[in-house]
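A.B. asks: give me a 3D structure for the following:
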Amino acid sequence: MKYPNNDDSIIKKQSIKLSTRKTSSLTVLFAILFFFVGLVQAQTEWPKVVPSKDGTPISYEIYGTGEPTLVFVHGWSCDARYWRAQLPYFSKKHRVVMIDLAGHGHSGSARSQYTMKAFGEDVQSVTEATGSRSVILIGHSMGGSVIAEAARLMPTRVIGLIGIDTLENIEYPMTREVLNQMIDPLEKDFEKGSRQFAGEMISSQTDPQLREWILSDMSAAPPAIALSAMNEMMSQYITGGSAKIFDEIRIPVVTVNGDQWPINYEANRRHMFSFDAIVLKEADHFLMMDCAEEFNVALDKAITMVLQKKVK
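C.D. replies: Next up is the predicted model:
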């Protein structure tokens, strides 16, 4: 029988020790890696979904902490991405909620009619899902009509409304004839008509890439959904419903507007608990995107104004 000499035995023992050490080190390393991967996954805020009153799934995202909660509502044929320049600024001291209304972004699109009231119910479902009892609704363009509907549905949660380039005159004398003239180009050729419609609201000074992105994105909206929403929104001005709803909402309203259209302070104040506006010179309809820094400061001021005037 052959026996190993002492040198061979020592070498084998050292090899076993080194192998054991390497295995132990790798085990620790993998444990650390898995810990940090798990930690990152735990901190990731994935988009959420909540059913609206009619069962339509509504997509939304939440960032940051701090009250009041700010719920951002996009405009016609847009989605939550249009607020991306506001997220880093406002999520530092507020809980920020970004919502895709039904038929927009990642939300469901099975409705046959896209009314402002139904959009308001979308906002209600998302807002109630956050659990916040102190909420400021912020709506761009068509979103101004939507947040008014949502505020009427949540009188104990919503402490103020901020319209973004909207609500210039809630008594605007719209007629069916004018509305038909507005919708006709969209019905004939939605892509061409919507590019023209949106293009007239974008400043010639806007970055060309941003301009093209907005036009391409909005003109790619589902025509049936866009036409329904447009008709429902503008019909409120024909019936007077756009003004009457504010008779029921006893909370402060502030707008941050570009200077493309005049603001009828007197008409708005006839129906609103209080109304103030911040006007940014040479800003267009998409001011939260094409002059984001100036807009964020103005919106921050609007939030302060709401808090100073909120009903106690």
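A.B. asks: contacts, neighbours, all on C-alpha from now
C.D. replies: Fine.
A.B. asks: out of everything not next to it in sequence, what's closest to residue 274?
C.D. replies: Distances taken as CA to CA, 6 or more residues apart in numbering place residue 252 nearest to residue 274, at 4.9 Å, with adjacent residues excluded.
A.B. asks: ok, now which ones touch that neighbour?
C.D. replies: Counting by CA atoms under 8 Å, 6 or more residues apart in numbering, residue 252 makes contact with 159, 160, 161, 272, 273, 274, 275, 306, 309, 310, 311.
A.B. asks: check residue 126 too.
C.D. replies: By CA under 8 Å, 6+ apart, the neighbours of residue 126 are 50, 52, 58, 60, 99.
A.B. asks: top of those residues by number of neighbours, please.
C.D. replies: Each of the contacts of residue 126 was scored for neighbours by other CA atoms under 10 Å, and residue 99 scores highest at 30 neighbours.
A.B. asks: tell me how far it lies from residue 196.
C.D. replies: Noted for residue 99: a distance of 26 Å to residue 196, by CA to CA, to the nearest Å.
A.B. asks: now residue 52
C.D. replies: From residue 52 across to residue 196, the span is 32 Å (CA to CA).
A.B. asks: over to residue 215?
C.D. replies: For residue 215, the distance to residue 196 (CA to CA) stands at 8 Å.
A.B. asks: who has more neighbours, those two?
C.D. replies: Taking other CA under 10 Å, residue 215 and residue 196 do not tie; residue 215 has more neighbours (19 against 15).
A.B. asks: where exactly do the helices run in the chain?
C.D. replies: Ranges of helices in the chain, per DSSP state H, are 6-43, 87-90, 116-130, 142-153, 176-188, 190-199, 208-219, 223-239, 241-247, 265-269, 287-290, 292-309.
A.B. asks: so which of these comes closest to residue 258?
C.D. replies: Closest approach to residue 258 among these (CA to CA): helix 287-290, 6.8 Å.
A.B. asks: can you name every helix or strand that that closest one contacts?
C.D. replies: helix 292-309 (3 or more CA pairs under 8 Å, 6 or more residues apart in numbering; DSSP states H and E).
A.B. asks: other SSEs contacting the helix it packs on?
C.D. replies: Counting by 3+ CA pairs under 8 Å, 6+ apart, helix 292-309 packs on strand 158-164, strand 252-258, strand 274-280, helix 287-290.
A.B. asks: need the pLDDT of the residue lying closest to residue 99 once chain neighbours are set aside.
C.D. replies: What sits nearest to residue 99 in space, not counting adjacent residues and going by CA to CA, 6+ apart, is residue 60, at 4.3 Å. According to the prediction, residue 60 has pLDDT 98.
A.B. asks: thought residue 60 was touching residue 100?
C.D. replies: Yes. Using CA atoms under 8 Å, residue 60 makes contact with residue 100 at a distance of 6.1 Å.
A.B. asks: could you report the pLDDT at residue 169?
C.D. replies: The score at residue 169 is 98. That number is its pLDDT.
A.B. asks: check residue 45 too.
C.D. replies: Value listed for residue 45 in the pLDDT field: 73.
A.B. asks: with the one 5 residues further on instead?
C.D. replies: Each residue has a pLDDT score; the one for residue 50 is 98.
A.B. asks: and the nearest residue to residue 179 once chain neighbours are set aside, how far from residue 79?
C.D. replies: Distances taken as CA to CA, 6+ apart put residue 234 closest to residue 179, at 7.1 Å, once the chain neighbours are dropped. Separation of residue 234 from residue 79 (CA to CA) stands at 19 Å.
A.B. asks: neighbours of residue 54, how many?
C.D. replies: By other CA under 10 Å, the residues close to residue 54 number 10.
A.B. asks: enumerate every residue touching it.
C.D. replies: Contacts of residue 54 by CA under 8 Å, 6+ apart: none found.
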